[in-house]
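Engineer: what would the 3D arrangement of this be:
(chains A and B)
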Amino acid sequence: MKENLSSLLEVRNLTIDFHTMDGIARAINGVNFSLFKKEKIGIVGESGCGKSVTVLGIMGLLQKPPAKVREGQVLFKGRDLLTLPEREFAEIRGSKISMIFQNPMTSLNPVFTIGNQMGHVIRIHQGLRKKESIEKAIELLQEVGIPSPEKRIDEYPHQLSGGMRQRVMIAMAISCRPQLIIADEPTTALDVTIQAQIIDVIQDIIDRFESSLILITHDLAVVAETVERVLVMYAGKIVETGSVQELFESPKHPYTQGLLGWITNIETERGKLPTIDGMVPSIFNLPEGCSFSNRCKQCIPICIRQEPPNIEIKPGVLCRCWLYSEER
Amino acid sequence: MNREILSLNNVNRAFVTRKSLFGKTKLVINAVNQVDLIVNKGQTVGIVGESGCGKSTLARMIVLLDQPTEGSILFQGKELSSIEKKEMKQFRSKVQFVFQDPLSSLNPRKTIRQILETPLRHLTDMTKQERADRVDELMTLVNLRPEFLERYPHQFSGGQSQRIGIARSIAANPEMIVLDEPVSALDVSVQAQVLNLLRELKERLNLTYIFISHDLAVVENVCDVVAVMYLGRIVEYGPRKKLFANPRHPYTHILLSSVPVPGKQEEDRPGLKGEPPSPSAMPPGCPFEPRCPHGVDRCKKEKPILDNVDADPRAACFFPL
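Structural biologist: Alright, predicted model coming up:
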């Protein structure tokens, strides 16, 4: 089924370093994935695993320096975004690809009204006049389910609740009908009942606009409900890729198994919870072999010596672990 | 051994603000409203609710960082508002607090040894040597290496910092600890480590916990008794198992079903429309009525209270499920 869909975004071997006072930190290391039209994928992982750096790298929003793209390509409809001049990139950013950020309070400007900020984006990308842009903004607010948008448009971000602000962010992100929407932890700052509403809004928008979605989250349950395919990241690498169903039914990588063990156990059992011992290795000093080896319960000698290859276990299911290799 | 350690009777906390900079219009926000709660020794009582429902205000009153505007809080039979300054030390040594953000609750200019020694110096009569021994012991209790003692808070990860926060709270051998969202700021794999530690300490030191969280999965895992708060009121209260299996208040029901579960489709989720009303303009009837799928006329006029003691769990609703 996937074959006759053309890929919208292809990330090839993306490696990003941060040059800091303490040395070079490799935030992401050889990230490869592709996204098809109308596809929804999720990137999950714990804080510091590189999921935000990956998408900020795609969007060209990393501050350079300290960040430096060491290697790799980001092909959006065949064009490499990383080599585009900033002016051309700016045209794509916000109109073809747009982003919803985690904290709606800090990503909206507190001194401008909602209408002012939304109108700005619309005017820049669509060349509308001021009055038209405000009308368009009202229309967009209606689409994301904000009651009485013509009143809200003159309000400031602090007058809105967290859920409303996130709706405004979504409205802004979809103002140019982007082909790709990147949502970076869109529901993390919200309460559960509001989280459910926002997930519904995002789902609805993606389906209606026939866009693609990259959803970044640390919450596996949110991913399960929203996307079709999941990438699991650990210490700057994608360690497992697979469909949502596959991942939840039979996780392959020991790290994914550990994460899921916690989710399923916290609901059913009392008593001691299964944990992943130890801590994520420092990205300033990654181990030579598998970066999960120091916490892995199934670690074998080769894991410490050599980095595991990305093994295709079955079509569409990739896992970076020696346990599935015949060479071990 | 069902000994009562803490009881709250009709506790209210109202905040009075002014509407405009020069204006005189007074705005009263009832952050906590008619809360009754009894905590028995050795229990873990969970308080759940969404942001702004008053759970943190309640926690602050229990540890005397704030005073109720009405009602009384009794700790071991003693009225908290009657505690005098010189008895304060004794109270503080019995009741401790663990904060949500592990990093901002540790003084960045002090070493871990200094941080852990502070409660010992103020709340106990230990000698210098005894304090040093106790600090070492605390580090082992929370599974941290004693050589970390000379380091500063910024050198630790979130999970480690929270362990230090917990070590500090148990330093002076308290009887009860109020935990305000102790794992919310941590990653999932670290959350499990901290929750296991809390459980272990509770058994070993015979503690009573008041566990505040918005995360239902965590509450279900650690608590014996759960109170669900909505807009400053306890809307449902009961033993964990029964409350999670058969919630009787519509709010609890929707709250539980809003949590995404892998494999469950969104169609079978009732969902909740709208947002909680502002606590300054509370509806005259049931505070949940504007969002409730079952609301009728009576709910608009009268405020329901928690029903009688026999019901299990108890719900503040005229038409419990």
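Engineer: ok, residue 92 - contacts?
Structural biologist: With no chain named, the answer covers chain A. A:Phe76, A:Leu81, A:Leu84 (CB atoms under 8 Å, 6 or more residues apart in numbering or on different chains). Where you see a C-beta, it was placed from the backbone N, CA and C, and this is true even at glycine.
Engineer: you looked at the wrong chain, it should be chain B
Structural biologist: B:His122, B:Leu123, B:Ala172.
Engineer: the last one against B:Arg121, yeah?
Structural biologist: No. With contacts counted by CB atoms under 8 Å, B:Ala172 stays clear of B:Arg121, the gap being 9.8 Å.
Engineer: just the contacts of A:Ile92: which are in strands?
Structural biologist: Counting by DSSP state E, the members of the contacts of A:Ile92 that fall within strands are A:Phe76.
Engineer: so which of the contacts of A:Ile92 reach chain B?
Structural biologist: Applying CB under 8 Å from any CB of the partner chain, the subset of the contacts of A:Ile92 adjacent to chain B is empty.
Engineer: what helix or strand does B:Asp36 sit in?
Structural biologist: B:Asp36 is located in strand B:26-40, with elements delineated by DSSP states H and E.
Engineer: which neighbours does that strand have in its sheet, and in what orientation?
Structural biologist: Partner strands for strand B:26-40, per DSSP bridges, with pairing direction: strand B:4-18 (antiparallel).
Engineer: quick check: buried residues in the strand it pairs with?
Structural biologist: Residues of strand B:4-18 classed as buried by neighbour count (16 or more other CB atoms under 10 Å in any protein chain shown): B:Ile5, B:Leu6, B:Ser7, B:Leu8, B:Asn9, B:Val11, B:Asn12, B:Arg13.
Engineer: let's have these in CSV, adding pLDDT and distance to A:Met105.
Structural biologist: CSV is the format used below for those (pLDDT from 0 to 100; distance: CB to CB, whole Å):
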residue, pLDDT, distance to A:Met105
B:Ile5, 91, 39
B:Leu6, 92, 35
B:Ser7, 91, 38
B:Leu8, 91, 33
B:Asn9, 90, 37
B:Val11, 92, 31
B:Asn12, 91, 30
B:Arg13, 91, 25
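Engineer: now, among these, which is nearest to chain A?
Structural biologist: For chain A, the nearest member of the buried residues of strand B:4-18 is B:Arg13. The distance, counting by CB to the nearest CB, is 20.9 Å.
Engineer: rewinding a little: would you turn the contacts of A:Ile92 into CSV with pLDDT, distance to B:Asp101 and neighbour count?
Structural biologist: As requested, those are exported to CSV (pLDDT from 0 to 100; distance: CB to CB, whole Å; neighbours: other CB atoms under 10 Å in any protein chain shown):
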residue, pLDDT, distance to B:Asp101, neighbour count
A:Phe76, 88, 38, 21
A:Leu81, 87, 37, 21
A:Leu84, 86, 40, 17
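Engineer: quick check: A:Gln298 vs chain B, distance?
Structural biologist: Applying CB to the nearest CB, to the nearest Å, the value for A:Gln298 to chain B is 16 Å.
Engineer: how near is B:Phe288 to B:Glu200?
Structural biologist: B:Phe288 sits 37 Å away from B:Glu200, going by CB to CB, to the nearest Å.
Engineer: so the two - more neighbours on which side?
Structural biologist: Taking other CB atoms under 10 Å in any protein chain shown, B:Phe288 and B:Glu200 do not tie; B:Phe288 has more neighbours (25 against 14).
Engineer: quick one: contacts for the spatially closest residue to that one that is not a sequence neighbour?
Structural biologist: In space, B:Phe288 comes closest to B:Tyr251 once its chain neighbours are excluded; the distance is 5.1 Å by CB to CB, 6 or more residues apart in numbering or on different chains. Remark: with contacts taken as CB under 8 Å, 6+ apart, B:Tyr251 is in contact with B:Val228, B:Tyr230, B:Val235, B:Glu236, B:Phe288, B:Arg291, B:Cys292.
Engineer: determine which two of those are furthest apart.
Structural biologist: B:Glu236 and B:Arg291 (15.2 Å; CB to CB).
Engineer: quick one, which of those two is more surrounded?
Structural biologist: B:Glu236 (27 against 18).
Engineer: Three-state assignment for that one, please.
Structural biologist: Three-state secondary structure (criterion: DSSP: H, G, I helix; E, B strand; the rest coil) places B:Glu236 in strand.
Engineer: can you pull out the strands in the stretch 151-300 of chain B?
Structural biologist: Secondary structure of the stretch 151-300 of chain B (DSSP state E, counting those that start in this stretch): strands located at B:176-180, B:208-213, B:225-230, B:233-239.
Engineer: quick one: mean pLDDT for the second one?
Structural biologist: Strand B:208-213 comes out with an average pLDDT of 93.
Engineer: residues in contact with it: which ones?
Structural biologist: Counting by CB under 8 Å, 6+ apart, residues outside strand B:208-213 touching it are B:5-6, B:39-48, B:55-56, B:58-59, B:62, B:175-184, B:198, B:202, B:219, B:222-223.
Engineer: how about the helices in chain A?
Structural biologist: Listed from the start of the chain, chain A has helices (DSSP state H) covering A:51-59, A:86-92, A:104-107, A:114-126, A:130-143, A:149-152, A:162-173, A:192-209, A:220-226, A:244-249, A:254-268, A:301-305.
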